[in-house]
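Trainee: I'll drop the sequence and a predicted model, then ask my questions.
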Amino acid sequence: MRLQMRSFRRIAVPTLASLALLAACDVTNPGRVEEEFIATGDAQQALINGAVRMMSEGMGYGSYSAALLAKEIFPGGQIGAFGHDVTVQGGLLDAGDDLGHFDPLHQARFIGEVAVKRFTEAGAPADMMYQAHLWTGWAYRVLGEWWCEAVVGSTDPDDETPGMHELDTDTYFERAVANFTAALGYASDADEEFAALAGRAQAYLWLEQWANAEADAAAVTDPAFQFVVPYDDLEQAYFNTLYWATAYNPYASYTMHFTRAKDHYETTGDPRTAVAEDPDEPLAVGSLSGYGPVEFSFPTKYTSREDDQRLASGWEMRLVEAEAILQQNEANYPAAMTLINEVRTRNVSDIDDTPLPALTAASATEAWQHLRRERAIELFLEGRRMGDARRWDEMGTPGADAWEPPGGYAAWQAISPIFVAESERAVCFDIPNSERTSNPNVPEVS
């Protein structure tokens, strides 16, 4: 079951006759609308749609940037439309650089929080309360996974400097948990419960609350369940940019050449990382410094600008369970491997139409390496890889990264001098300078 809240509706364009009729009418400007009226009647769903729309805008291009920094895709050298500058292609973000993704996601969580406040005051129906809390929770989860620090209002009642403060990203995940928990109280069916439970399980992983993560993930019992952020073909800001930037006509800004995903697909035929080539279009747009034109190949996970993107799935929840088991008791790694293989062996290779073989592990460290790899495959191009790599590094998680480019990151550095040292690669977005210079509670950086 795929659950989503559609935020976009196509609007009819008025005809010349109807415009003429409107012009003949007397129209009185009612003036400003008082804030309390934004939470009444049909305005309630409109407010929810606004939060979802900003999630779509923030995640559309943000997932593309995150994929580039996480080495899921290889730069084709394009620095124009739907490309990135050379510094970002090389894996480095300047201090105070968020690549423009900070504002829309904060707008999403702000609109969601306004909806929660106003809906509560207005006694809105359970469905509206559910959506308001759910989308606020998702906004906080994405902010937590993508940003190095949190910028949120202080919860200290004695705070003498009210406003937005720079805090640890645990704050984002704590607020995600609070909103997902509230959403559960308004859920009307199993799929709505699954959406809130899945989001909360993801947040619990970051908070290192392993038992809670395992319990929530296990409660999402339908492996086919999906919750998505919707994209739309009407406006460029709401495109699925991971598709649009790789489509050869007109962009081909990046390629799957030199990536582990392409190597994995060619070796196993795993459809989750399927990659294709067009013999008539052999090169990406642009030219990579020190290398020249880059061979072009593209992922087929998304096939249009309006393909939605998963925020959570039942299959991911099995991997959350596996990770929580390993974190709590590494000696129980066989139970984790059972869950990992449940995810892996459901897939059918398009090389010979047989399921992928089960993996084996002789130690907890090997199980960790399988988990890391399987999450990279299962969540490929879903905006999750950058956060996973940072989370595991910060937690000192056992096992080597089994999803590095073929030959390791050094192979990329040998291809082009644009790539910075591995220790310098960005693993999260920074608080933007626009926020730092206008907010006295957030220190500036140079």
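Mentor: Yep, it's here.

Trainee: For burial, what's the neighbour tally of A126?
Mentor: Around A126 there are 12 other residues, counting by other C-beta atoms under 10 Å. The C-beta positions use only the backbone N, C-alpha and C, and glycine is treated the same way.

Trainee: Roughly how far does it sit from T397?
Mentor: Going from A126 to T397 by C-beta to C-beta, to the nearest Å gives 39 Å.

Trainee: all helices for the stretch 1-150 of the chain, in order.
Mentor: For the stretch 1-150 of the chain, the helices defined by DSSP state H, counting those that start in this stretch cover 16-23, 43-69, 86-89, 102-122, 126-146.

Trainee: Let me have the ones you listed in TSV, extended by distance to Y409 and mean pLDDT.
Mentor: Converted to TSV, the helices of the stretch 1-150 of the chain look like this (distance: least, C-beta to C-beta, whole Å; pLDDT from 0 to 100):
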stretch	distance to Y409	mean pLDDT
helix 16-23	59	39
helix 43-69	12	95
helix 86-89	14	93
helix 102-122	27	93
helix 126-146	21	97
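
Trainee: what's in contact with stretch 260-270?
Mentor: Residues outside stretch 260-270 that contact it (C-beta atoms under 8 Å, 6 or more residues apart in numbering) are 71-72, 256, 273-275, 297, 299, 347, 349-352, 356, 376-377, 380, 403-406.

Trainee: Please, where are all the strands along the stretch 101-250 of the chain?
Mentor: Applying DSSP state E, counting those that start in this stretch to the stretch 101-250 of the chain gives strands spanning 150-153, 164-167, 226-229.

Trainee: one step back: mean neighbour count, the helices of the stretch 1-150 of the chain: which tops it?
Mentor: Across the helices of the stretch 1-150 of the chain, averaging neighbours per residue (mean count of other C-beta atoms under 10 Å) puts helix 126-146 on top, at a mean of 25.

Trainee: what packs against that one?
Mentor: Secondary-structure packing of helix 126-146 (3 or more C-beta pairs under 8 Å, 6 or more residues apart in numbering; DSSP states H and E): helix 43-69, helix 102-122, helix 170-184, helix 190-206, helix 385-395.

Trainee: Minimum distance to N439: which of those has it?
Mentor: Closest of the helices and strands packed on helix 126-146 to N439 is helix 102-122, at 11.8 Å (criterion: C-beta to C-beta).

Trainee: Just the C-alphas of the closest one, formatted as CSV.
Mentor: The C-alpha trace of helix 102-122 is given here as CSV (Å, rounded to 0.1, in the frame of the first residue of the first chain):
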residue,chain,number,x,y,z
PHE,A,102,17.2,25.2,4.2
ASP,A,103,14.4,27.6,3.6
PRO,A,104,11.7,25.4,1.9
LEU,A,105,12.1,22.6,4.5
HIS,A,106,11.9,25.1,7.4
GLN,A,107,8.8,26.6,5.7
ALA,A,108,7.3,23.1,5.6
ARG,A,109,7.8,22.5,9.3
PHE,A,110,6.7,26.0,10.2
ILE,A,111,3.5,25.7,8.1
GLY,A,112,2.9,22.3,9.8
GLU,A,113,3.4,23.7,13.2
VAL,A,114,1.0,26.7,12.5
ALA,A,115,-1.5,24.1,11.3
VAL,A,116,-1.2,22.1,14.5
LYS,A,117,-1.6,25.2,16.7
ARG,A,118,-4.6,26.6,14.7
PHE,A,119,-6.3,23.3,14.2
THR,A,120,-6.1,22.6,17.9
GLU,A,121,-7.7,26.0,18.7
ALA,A,122,-10.4,25.4,16.1
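
Trainee: residue contacts, the residue nearest the centre of the chain?
Mentor: A centroid search over the chain (C-alpha atoms, centre = their mean) returns G383, at 3.7 Å, as the residue closest to the centre. G383 makes contacts with M59, G62, S63, A66, A67, V142, E145, W146, Q309, as judged by C-beta under 8 Å, 6+ apart.

Trainee: quick check, nearest of the residues you listed to A335?
Mentor: Nearest to A335 among the contacts of G383: E145, at 26.1 Å, using C-beta to C-beta.
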